[in-house]
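In: Can you look at this prediction? I've put the sequence above it.
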Amino acid sequence: MAPKILIVLTSFGEIPGVGPTGWYLPEFAHPHEVFHKKATLVIASPNGGKAPLDPNSVKMFESDPVAKNFLDTQESLWTNTEKLADMLARVDEFDAIFYVGGHGPMFDLTTNKTSIQLIESFAAKHKPITAVCHGPCVFLNTKNSSEEPLIAGAQVTGFSNAEEDAVKLSAAMPFMLETELQRISGKTNGYGGALITGQNPASAGAVAEAILDVLG
């Protein structure tokens, strides 16, 4: 039986004073390429409905055939997302949860109580919790059953401070992801389940492959 994966997109589409943002095209396109013939996918976002696609990622990856094909043929996946809150009662249906990155999640999913509760529920059931690029920001405020940081002592990757500086968005971010991941994950203990993270857009396909490997 094919595994069932919950994919979460941001609902945040505009950085004040900077411009449009959202989820990052290749970070959904390349995992979809890996998943779509081998898994059942459900797409959700905090607000449901249309999840904003970062137009900068469309421009940046216009020569990427996988990203372009996904953009041209799969629009319904991000324009008709389910509401994240409706997933809370459905955790048992899924085998893993995967967060697509982009700058959007930094602003809404980091502190979204529904998202935090979902991740903690997946973790409590030892289901893989996974994310790519800026996506690992969703783990920063999660806790285990002992009320300790869920990712304490874990090896976590994400978009680096140097990369944020390079794209000239450090000043626009609510926090620096690398700094916060190091601060939280540097504590003792450790997550005992499957935690899979990818460092940047180029890691997205490999994260998807790793998820399928863990799910067998």
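Out: On my side now, so go ahead.
In: ok, which stretches of this protein are strands?
Out: All strands of the chain, identified by DSSP state E, fall at 4-8, 14-15, 19-20, 40-45, 82-83, 96-99, 129-132, 195-198.
In: For residue 59, see how far away the residue nearest the centre of the chain is.
Out: With distances taken as Cα atoms, centre = their mean, residue 99 lies nearest the centre of the chain, 1.9 Å away. Distance of residue 99 to residue 59, given as Cβ to Cβ, to the nearest Å: 23 Å. Bear in mind the C-beta positions are built from the backbone N, C-alpha and C, glycine included.
In: If you tally nearby residues, what's the number for residue 14?
Out: 13 (other Cβ atoms under 10 Å).
In: Any stretches of this protein with poor pLDDT?
Out: Counting by pLDDT under 70, the chain has low-confidence residues at 187-192.
In: what do you get if the cut-off is 80, keeping everything else the same?
Out: 187-193 (pLDDT under 80).
In: picking up where we left off before, ok now do the residue nearest to the centre of the chain, which residues does it touch?
Out: Contacts for residue 99 (Cβ atoms under 8 Å, 6 or more residues apart in numbering) come out as 7, 8, 105, 109, 130, 131, 132, 135, 136, 138.
In: Which one of those residues sits in the busiest neighbourhood?
Out: residue 132 leads the contacts of residue 99 on contacts (other Cβ under 10 Å) with 33 neighbours.
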